[in-house]
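Asker: Below is the structure, and that's it, no one-letter string:
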DNA sequence: TCAACATATAAACGTTTATACATATGATTA
DNA sequence: TAATCATATGTATAAACGTTTATATGTTGA
């Protein structure tokens, strides 16, 4: 029963990771990480088609990583919890470390 | 040019996240997180088929998350950098927090 | 060298996913 | 209400993925 301390909820972990496993979604996440942005702002900033952005935003929302707020004709998305940015920064750093430490090329 | 400080390498991030986005791979990762284990040990512990375990180990190795070591007929896998465990713990915690804080059900 | 065991690879299959295109919904303003 | 703008949804398609089954590679000991 000491797995409790080491093993985590693989189900929800995999679910979150799956949402983070797409470059466009990551870009959108960073895009709305400092301030709320409308879909059209995101579309323009990232050069995505509007339906594609909408689709990925839906996925991000499904994973609760972004929250939505309507204002007039615009729908604003913003990051739910900035801690995800810290985690992603750590993961990015780890990735770099893994690359630099690897023995086999 | 201040994106440098906030935006990360979405490519390698997505690559790492993709590797973490599978429950079986996460289970394998936790399984080899405390001590190196042979494929057959992993297979037995997690109840996976041998080819399936082998396939996922290959993916984990491709992402440099595990390292391999042969000893006689056995091939031992172990976690490369334990920091991934910290990151996953944080992600798991965030997942729980997101769920408890959500407003829409 | 042969047999037995441990692990890896290959091919095939069904499922999921990202994307594009077309269209619908919803809100605003004239 | 009509027209326009912002966003969402539906459908289709191609690629990627996880899994299974079968087979191959590699190692050890008789």
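Answerer: Sure, I can see it. Worth saying up front: this structure is predicted, and the values here are computed from it rather than measured. Numbers count the residues shown, from 1 in each chain, chains lettered A, B, ... in the order given.

Asker: Which SSE is immediately downstream of the lowest-mean-pLDDT helix or strand in chain A?
Answerer: Evaluated with mean pLDDT, DSSP states H and E, the helix-and-strand set of chain A has its lowest mean pLDDT in helix A:3-6, which scores a mean of 48. Next along the chain after helix A:3-6, taking DSSP states H and E as the criterion, comes helix A:10-20.

Asker: For that next one, buried residues please.
Answerer: Residues of helix A:10-20 classed as buried: A:10, A:12, A:13, A:14, A:16, A:17, A:18, A:19, A:20 (neighbour count, 16 or more other Cβ atoms under 10 Å in any protein chain shown). Heads up, the C-betas are built off the backbone N, CA and C, glycines and all.

Asker: mean confidence for the helix ranked longest in chain A?
Answerer: Ordering each helix of chain A by length in residues (DSSP state H) puts helix A:83-101 first. Helix A:83-101 carries an average pLDDT of 97.

Asker: What is that helix packed up against?
Answerer: Applying 3 or more Cβ pairs under 8 Å, 6 or more residues apart in numbering or on different chains; DSSP states H and E, we find helix A:83-101 packed against helix A:23-31, helix B:10-20, helix B:83-101.

Asker: Tabulate the ones you listed in CSV, adding columns for distance to residue B:32.
Answerer: Below are the helices and strands packed on helix A:83-101 laid out as CSV (distance: least, Cβ to Cβ, whole Å):
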stretch, distance to residue B:32
helix A:23-31, 27
helix B:10-20, 14
helix B:83-101, 11
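
Asker: Compare these and give me the one nearest residue B:75.
Answerer: helix B:10-20 (19.1 Å; Cβ to Cβ).

Asker: do the closest one and DNA strand C meet at all?
Answerer: No - using Cβ under 7 Å from any atom of the strand, helix B:10-20 stays clear of DNA strand C, coming no nearer than 9.0 Å.

Asker: orientation of that helix relative to helix A:23-31 in degrees?
Answerer: 120 degrees (axes from the mean of the first three to the mean of the last three Cα atoms, to 10 degrees).

Asker: just how off-centre is helix B:10-20 within its chain?
Answerer: Relative to its parent chain, helix B:10-20 has a centroid offset of 11 Å by Cα atoms, centre = their mean, to the nearest Å.

Asker: ok, and does that helix reach over to DNA strand D?
Answerer: Yes - on the criterion Cβ under 7 Å from any atom of the strand, helix B:10-20 is in touch with DNA strand D at residue B:18.

Asker: now that helix and helix A:83-101, what's the angle there?
Answerer: Counting by the same axes, to 10 degrees, helix B:10-20 lies at 90 degrees to helix A:83-101.

Asker: What lies in contact with helix B:10-20?
Answerer: Here helix B:10-20 makes contact (Cβ atoms under 8 Å, 6 or more residues apart in numbering or on different chains) with A:13-14, A:17-18, A:20-23, A:26-27, A:30, A:88, A:91-92, A:94-96, A:99, B:25-26, B:29, B:59-60, B:62-63, B:65, B:88.
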